[in-house]
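In: I'd like to go over a predicted model; first the sequence, then the structure.
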Amino acid sequence: MALRSYYDVLEIEETATDTEIKRAYRRLAKVYHPDKNPTGAELFKEISHAYETLSDPNKRAAYDRFGERGGPDDMFDGFGMGDMGEGFFDPHMFADGDPAPRTESHPLNVTLEDMFRGKKMRVRLVRSIICKHCKGIGGRKSVLRECFTCTGRGVRMTSRQVAPGLFSQAQVVCSACNGSGKVVPDSHKCRKCKGSGTTDEKDTVEIHVEPGVRDGQKIVLGGKGDQRPGQQPQDLVFVLHQEPHSTFTRAGDDLSVKAQIDLAEALCGFSRTLLTHLDGRLMEVSHQSGVIKPDDVLCIRNKGMPQEKRPQNRGDLFIVFDIKFPDANWSPGPALKSLLPNTNWPKPMHDDSLQVETASGRTISSEAYEIRMRKQSQQSRDTNHGYGPEFGYPQEPGASCNQQ
């Protein structure tokens with residue numbers, strides 16, 4: 001007697017759509033489900049298996065091409081090459097023992113001060129734990145039945161197409177029974193967990209941020225994540241995210257900071273409290289040798305970030321100087337000019353017959369200069385190449401360099 005096709009089992013045409021397949025399965029499941037029809041258990045298994053195959057596009061394609069046993073195994077067997085089919089399976093799919101614990105990741109914002117000094121943090125969270133009422137079974141143990149989706153194995157095979165007419169297979173945990181191979185009838189499910197085997201619990205975990213940790217580093221709390229029946233608890237992973245700092249910039253174990261000094265300090269040296277470090281210490285910096293020019297950098301050894309696991313070793317601290325010059329209306333006296341070194345600038349070679357023009361002007365800010373240059377560049381692309389209010393461009397304060 002010939003076996004019925006999966007389409008005949010679900011009482012649908014071979015051209016049925018996914019919606020029609022799902023509708024047919026629901027209609028038949030209501031009639032033959034063992035909870036409602038104890039005599040229809042075997043038929044319900046057949047219906048469930050047919051639905052599992054036809055509802056998966058890859059499995060359906062393999063079934064339509066190769067039949068009920070469909071898949072690459074039959075194709076290889078026909079050529080006496082059955083061993084080749086093993087290359088399409090995960091070699092660990094039938095390994096014994098509990099599956100490796102999964103991970104659950106959460107971002108954790110930390111300040112640069114926390115990374116410098118270290119910190120203990122307490123984080124509140126909600127996680128799933130094994131139901132204490134039913135011990136993760138989902139109901140009374142006496143009413144457990146074999147899962148019809150996986151026939152009690154707790155796993156099922158899934159396939160995906162890797163080439164025309166060629167499919168790879170993998171073993172996955174059955175979603176109907178969560179890998180237990182057993183299911184609880186709806187009428188006997190645990191009232192506490194509604195048959196899921198887990199409940200939510202509020203918990204607080206303590207996280208140790210060690211001195212010297214870096215942005216993107218992970219802190220793993222083994223077994224502190226969600227719990228699932230028959231599986232190892234998940235590992236709880238926190239990924240550190242360094243918040244931007246208003247003063248310091250970090251590069252590995254080194255720190256950089258901008259500090260402002262005045263012109264007298266740049267020329268004559270200084271010794272004063274220049275900044276506050278990340279741990280709250282005041283840094284008194286001394287510099288007495290040589291002139292400091294704008295954007296010069298002072299390197300102070302072993303005053304940067306501590307190294308993780310070896311906090312006694314530290315990176316360097318780089319101080320980038322910003323020199324504060326006197327206001328524009330300040331005029332140095334003759335006494336100061338006499339103290340400053342004179343530079344003997346080379347005189348240009350010229351003929352006495354050439355005309356020499358004398359010019360003077362006034363300084364403008366770098367911001368005003370940049371505004372002027374942007375406007376000139378824009379006007380060079382416009383029809384009118386002039387500059388000024390007569391062409392609709394407002395005069396920026398301080399952007400003029402008219403002679404005084």
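Out: Received the coordinates, thanks.
In: which ones are touching the nearest residue to Asn109 once chain neighbours are set aside?
Out: Once flanking residues are discounted, Asn109 sits nearest to His241: 5.1 Å by C-beta to C-beta, 6 or more residues apart in numbering. Any C-beta I mention is one placed from the backbone N, CA and C, and that applies to glycine too. Contact partners of His241, counting by C-beta atoms under 8 Å, 6 or more residues apart in numbering, are 107-110, 215-216.
In: Buried among those? Make that a ChimeraX selection.
Out: Here is the ChimeraX command that picks out the buried ones among the contacts of His241, judged by 16 or more other C-beta atoms under 10 Å:
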select :108,110
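In: hmm, back to that, so which strand or helix has the residue nearest to Asn109?
Out: Using DSSP states H and E, His241 falls within strand 235-242.
In: Next, the buried residues of that strand.
Out: For strand 235-242, using 16+ other C-beta under 10 Å, the buried residues are 235-238, 240, 242.
In: What count of nearby residues applies to Pro57?
Out: 11 (other C-beta atoms under 10 Å).
In: Can you tell me how far it is from Gln169?
Out: 15 Å (C-beta to C-beta, to the nearest Å).
In: Where do the helices of the stretch 201-350 of the chain begin and end?
Out: 263-268, 334-339 (DSSP state H, counting those that start in this stretch).
In: Now render the ones you listed as CSV, adding mean pLDDT, distance to Arg140 and mean neighbour count.
Out: What follows is the helices of the stretch 201-350 of the chain, written out as CSV (pLDDT from 0 to 100; distance: least, C-beta to C-beta, whole Å; neighbours: other C-beta atoms under 10 Å):
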stretch, mean pLDDT, distance to Arg140, mean neighbour count
helix 263-268, 90, 82, 14
helix 334-339, 78, 97, 8
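In: who wins for proximity to Lys192 among those?
Out: Checking those against Lys192 by C-beta to C-beta gives helix 263-268 as the closest, at 72.0 Å.
In: For that closest one, list the C-alpha coordinates in PDB.
Out: The C-alpha trace of helix 263-268 is given here as PDB (Å, rounded to 0.1, in the frame of the first residue of the first chain):
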ATOM      1  CA  LEU A 263      52.500  84.800  27.800                       C
ATOM      2  CA  ALA A 264      54.700  85.600  30.800                       C
ATOM      3  CA  GLU A 265      54.600  81.900  31.900                       C
ATOM      4  CA  ALA A 266      55.300  80.800  28.400                       C
ATOM      5  CA  LEU A 267      58.400  83.000  28.200                       C
ATOM      6  CA  CYS A 268      59.700  82.900  31.800                       C
END
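In: quick revisit: mind putting the helices of the stretch 201-350 of the chain in TSV, distance to Glu14 included?
Out: Converted to TSV, the helices of the stretch 201-350 of the chain look like this (distance: least, C-beta to C-beta, whole Å):
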stretch	distance to Glu14
helix 263-268	87
helix 334-339	100
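In: how much distance is there from stretch 31-50 to the middle of the chain?
Out: 46 Å (C-alpha atoms, centre = their mean, to the nearest Å).
In: pLDDT below threshold where in the chain?
Out: Counting by pLDDT under 70, the low-confidence segments of the chain come to 1-3, 66-102, 165, 350-351, 360, 363, 380-404.
In: and the gap between Ser289 and Arg301?
Out: Distance from Ser289 to Arg301, by C-beta to C-beta: 16 Å.
In: meant to ask about Gly222
Out: Distance from Gly222 to Arg301, by C-beta to C-beta: 39 Å.
In: Same check on Ser338?
Out: 39 Å.
In: swap in Asp56?
Out: To Arg301, Asp56 is 64 Å away according to C-beta to C-beta.
In: Equivalent analysis for Met121, please.
Out: Distance, Met121 to Arg301, by C-beta to C-beta: 31 Å.
In: Which one's more surrounded, those two?
Out: Using other C-beta under 10 Å, the more surrounded residue of Met121 and Arg301 is Met121, with 14 against 9.
In: was I right about that one contacting Thr204?
Out: No. Met121 is not in contact with Thr204 according to C-beta atoms under 8 Å; the separation is 10.5 Å.
In: Which residue ranges of the stretch 1-150 of the chain form helices?
Out: 6-9, 18-32, 41-54, 57-66, 72-78, 112-117.
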